[in-house]
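J.: Next one to model:
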Amino acid sequence: MSKYITIKDIANELGISKSTVSRALSGDSSNVKAETMQLITETARRMGYHRNEMAVSLRKQSSHNIGIIIPEIVTTFYMTFISHAQALLRKQGYNVLIATSDENYVQERENMEMMEHCMVDGLLISVCNKERNADIFRRIVSRGIPVVLFDRTVEDVDASQVRHDDYIMSFFMVEQLIRSGSRNIVHIPGPSHIRNGYERLRGYRDALEKFHISFNPDLVLASALSAEEGCQVMSDFMDKGIKFDTVFGFTETSLIGAKNLIQKRGLRIPEDVRVCCMSGTALCTLVHPTITAVEQPVEQMAEEACRLLMEHIADSGKKAEDVVLRGDIKERESTAVYFPIH
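T.: Just a heads-up that it's a prediction; the model follows:
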């Protein structure tokens, strides 16, 4: 017996035509007698038949599937986004296909091609590289597949996007650190191929400039995403003996790695060194001391991304939108400073 039960298998089992079985399984009671339809339905159930949704999609030109591609699953940010987006999309009658790129642009490309082959009705994408795969982003959009970029986005692609105001929140964070006494602020940046990394570094530099603090390139470390990378770049920096009083991380994972290294070297947080980061999640509350962070409105981001995607699916001529959301600074033990609300 074949791996998947087909209409032909059922027809052979009952000794009737495939067209009769097809009509019965599609509920065509006007052309199939009631007793025949019941027999076919019961036989299909007994044999374990499942409708070929891909074939149905080809006929209807709609899969009722939405693809979501994310760059990593280390933090809770993307899992929260997926959970919220999936609930919203299911209410609209859509299933969700999920793929992770593991911060690898080759895998990201394969994920997008896989979603194309699965004939998804739309895509929600947070990219791991804003440059390497720009051509395939443009190709997918040009084919008429609705795409909404979220969190990590790509410039010069005619697609709607929902993103966090990384520049202004980075600026606010560093500004408040300076107002509360920090002067030698180390920044652990994100990779240059991630748009958020550039915006957060720009906010850091502009805040220093506002307070007439000279930019010191020695205080901007090599880029880091993981805790292991954060630990390594912090170790390399501390080995140089350069004076610093604060560490500001691109994301919580790299910052937690740096924080652990600082504590292993015998420095106290926040008494000797303050630490804080962008893109904080619940992880920031599960370490000691708890970490001050800018938290993104992830559920609102999911709502806006799903809204835009549904509008693009309903109206192929809809113009692309750029939705920019504002995060919140959550002050915790790692800075022991009151941050006024903006």
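J.: And the strands in the stretch 1-150 of the chain, which stretches?
T.: 65-70, 95-100, 122-125, 147-150 (DSSP state E, counting those that start in this stretch).
J.: possible to save those strands as TSV with mean neighbour count, distance to Glu209 and mean pLDDT?
T.: Glycine gets a C-beta too; all of them are placed from N, C-alpha and C. Below are those laid out as TSV (neighbours: other CB atoms under 10 Å; distance: least, CB to CB, whole Å; pLDDT from 0 to 100):
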stretch	mean neighbour count	distance to Glu209	mean pLDDT
strand 65-70	24	34	96
strand 95-100	17	38	96
strand 122-125	26	34	97
strand 147-150	27	30	97
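J.: okay, the ones you listed in a markdown table with distance to Ala159 next?
T.: Output for those, formatted as a markdown table (distance: least, CB to CB, whole Å):
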| stretch | distance to Ala159 |
| --- | --- |
| strand 65-70 | 13 |
| strand 95-100 | 18 |
| strand 122-125 | 9 |
| strand 147-150 | 4 |
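J.: Quick one: closest of those strands to Gly27.
T.: strand 95-100 (20.9 Å; CB to CB).
J.: tell me the angle the closest one makes with strand 65-70.
T.: 20 degrees (axes from the mean of the first three to the mean of the last three CA atoms, to 10 degrees).
J.: wouldn't Glu299 be in contact with His84 here?
T.: Yes: counting by CB atoms under 8 Å, Glu299 touches His84, with 5.0 Å between them.
J.: which sections of the stretch 101-250 of the chain are below the confidence cut-off?
T.: Applying pLDDT under 70 to the stretch 101-250 of the chain flags no residue at all.
J.: just the helices in the stretch 201-342 of the chain please.
T.: Using DSSP state H, counting those that start in this stretch, the helices of the stretch 201-342 of the chain run over 227-238, 252-264, 298-314.
J.: hang on, Ile178 in a helix?
T.: Yes: Ile178 sits within a helix when classified using DSSP: H, G, I helix; E, B strand; the rest coil.
J.: mind listing what it touches?
T.: 185, 207-208, 211, 213 (CB atoms under 8 Å, 6 or more residues apart in numbering).
J.: can you tell me which of these are in strands?
T.: Ile185 (DSSP state E).
J.: Buried by neighbour count, from the contacts of Ile178: which ones?
T.: Neighbour-count burial (16 or more other CB atoms under 10 Å) applied to the contacts of Ile178 gives 185, 207-208, 213.
J.: how about the residues you listed in a markdown table, adding distance to Ser17?
T.: As requested, the buried ones among the contacts of Ile178 are exported to a markdown table (distance: CB to CB, whole Å):
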| residue | distance to Ser17 |
| --- | --- |
| Ile185 | 77 |
| Ala207 | 75 |
| Leu208 | 78 |
| Ile213 | 82 |
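J.: Closest one to Arg23 out of these, please.
T.: Ala207 (69.1 Å).
J.: Not counting its neighbours along the chain, what's nearest the closest one?
T.: Counting by CB to CB, 6 or more residues apart in numbering, Val174 is the residue found nearest to Ala207 once chain neighbours are left out, at 3.7 Å.
J.: tell me which element that neighbour is part of?
T.: Using DSSP states H and E, Val174 maps to helix 166-179.
J.: What residues sit buried inside that helix?
T.: Buried-residue list, helix 166-179, by 16+ other CB under 10 Å: 166-178.
J.: Return the member of those residues nearest to Glu271.
T.: Closest approach between the buried residues of helix 166-179 and Glu271, by CB to CB: Leu177, at 15.4 Å.
J.: what sits against that closest one?
T.: Each residue near Leu177 by CB under 8 Å, 6+ apart is listed here: 185, 246, 248, 274, 276, 335, 337.
J.: Repeat the analysis, applying 6 Å as the threshold.
T.: With contact set as CB atoms under 6 Å, 6 or more residues apart in numbering, Leu177 has these partners: Thr246.
J.: any idea how far it is from Ala134?
T.: 35 Å (CB to CB, to the nearest Å).
J.: ok so, going back, a markdown table for the contacts of Ile178, including distance to Asn129?
T.: Output for the contacts of Ile178, formatted as a markdown table (distance: CB to CB, whole Å):
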| residue | distance to Asn129 |
| --- | --- |
| Ile185 | 28 |
| Ala207 | 27 |
| Leu208 | 28 |
| Phe211 | 34 |
| Ile213 | 32 |
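J.: Determine which two of the contacts of Ile178 are furthest apart.
T.: Ile185 and Phe211 (10.6 Å).
J.: sorry, back to before: from Ile329, how far off is the residue nearest to Ala207?
T.: 11 Å.
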